[in-house]
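> quick one, structure for this:
(2 chains)
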Amino acid sequence: GDSVTQMEGPVTLSEEAFLTINCTYTATGYPSLFWYVQYPGEGLQLLLKATKADDKGSNKGFEATYRKETTSFHLEKGSVQVSDSAVYFCALKMYSGGGADGLTFGKGTHLIIQP
Amino acid sequence: GAVVSQHPSRVICKSGTSVKIECRSLDFQATTMFWYRQFPKKSLMLMATSNEGSKATYEQGVEKDKFLINHASLTLSTLTVTSAHPEDSSFYICSASRNGNEQFFGPGTRLTVL
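The predicted structure is shown next:
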């Protein structure tokens, strides 16, 4: 079945450091790919997405590029802030054509940014 | 933005009792709602998909008689854990989708079964 693998956490960085959180996927077709963020005490929020190969999703300084050849969707940010501390989930969705489909999630990566 | 709420945020119950969790879309009509379960340090796992007015579609391995889902209106879906046991203790998260587009997630419900 479909699956998502992302790097284990916690990941601890200093403010203004460069961030990469790796994510790879296994899917039988061509999924849409997502990064969700969960701040303490809040629900998951969509951070960015890409729906086809070579698409780049971006939001709030974060970027991720859909790489079909390496089945990856790594999350990057050039300069992290303390406010970026959260749990980040990589996810995929297969489009069945029949309507809304559930998401397949990775285990989540807890990011801690120290001042 | 689109807001999804869950109630209660946490619940503790005795083994053998039933627990109902509500998921509401507060400012939009959700044609589809999803229920996920999250174990500690594990990913969210999709339990079932429910469309308003029709029976829920359960993922493989999820007992539909144990996890009853009702999507009675475009703004409310409920998950009832029947005859709960300690192994049902988990974090349950719902999401709501409008017309098959982006899913908006609730804050989750922590269930502890004693």
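> give me the number of residues near residue 41?
All of this refers to chain A. Burial of residue A:41 is recorded as 8 neighbouring residues (other C-beta atoms under 10 Å in any protein chain shown). Where C-beta positions appear, they are placed from N, C-alpha and C, glycine not excepted.
> meant chain B, my bad for not saying
Neighbour number of residue B:41 under other C-beta under 10 Å is 10.
> for it, helix, strand, or coil?
coil (DSSP: H, G, I helix; E, B strand; the rest coil).
> what's near enough to touch it?
residue A:107 (C-beta atoms under 8 Å, 6 or more residues apart in numbering or on different chains).
> how much space between residue B:16 and chain A?
30 Å (C-beta to the nearest C-beta, to the nearest Å).
> once you drop chain neighbours, what's closest to that residue?
residue B:83 (5.7 Å; C-beta to C-beta, 6 or more residues apart in numbering or on different chains).
> ok, now residue A:68?
residue A:53 (3.9 Å).
> rewinding a little: tell me, what's the model's pLDDT at the residue nearest to residue B:16?
Looking at residue B:83, its pLDDT reads 96.
> centroid residue for chain B?
residue B:35 (3.8 Å; C-alpha atoms, centre = their mean).
> backbone torsions only: list them for the residue most central in space within chain A.
Geometric centre of chain A, nearest residue: residue A:35, 2.9 Å, by C-alpha atoms, centre = their mean. With angles defined as degrees, to the nearest 10, residue A:35 sits at phi -120, psi 130.
> interface residues of chain B facing chain A?
Counting by C-beta under 8 Å from any C-beta of the partner chain, the residues of chain B lying close to chain A are B:4, B:31-32, B:34, B:36, B:41-46, B:49, B:51, B:59, B:93, B:95, B:97, B:99-108.
> from the residues you listed, which land in strands?
B:4, B:32, B:34, B:36, B:44-46, B:49, B:51, B:93, B:95, B:97, B:103-105 (DSSP state E).
> so what's residue B:103 closest to, chain neighbours aside?
residue B:95 (4.1 Å).
> that neighbour bridge partners, please.
residue B:34, residue B:105 (DSSP bridges).
> that one and residue A:112, how far apart?
Per C-beta to C-beta, to the nearest Å, residue B:95 is found 26 Å from residue A:112.
> between those two, who's got more neighbours?
Higher neighbour count among residue B:95 and residue A:112: residue B:95, with 27 against 13, using other C-beta under 10 Å.
> mind pulling up the pLDDT for that one?
At residue B:95, pLDDT is 95.
> mind checking how far the helix or strand containing residue B:22 is from the chain centre?
Using DSSP states H and E, residue B:22 maps to strand B:19-25. With C-alpha atoms, centre = their mean, to the nearest Å as the basis, strand B:19-25 stands 7 Å off its chain's centre.
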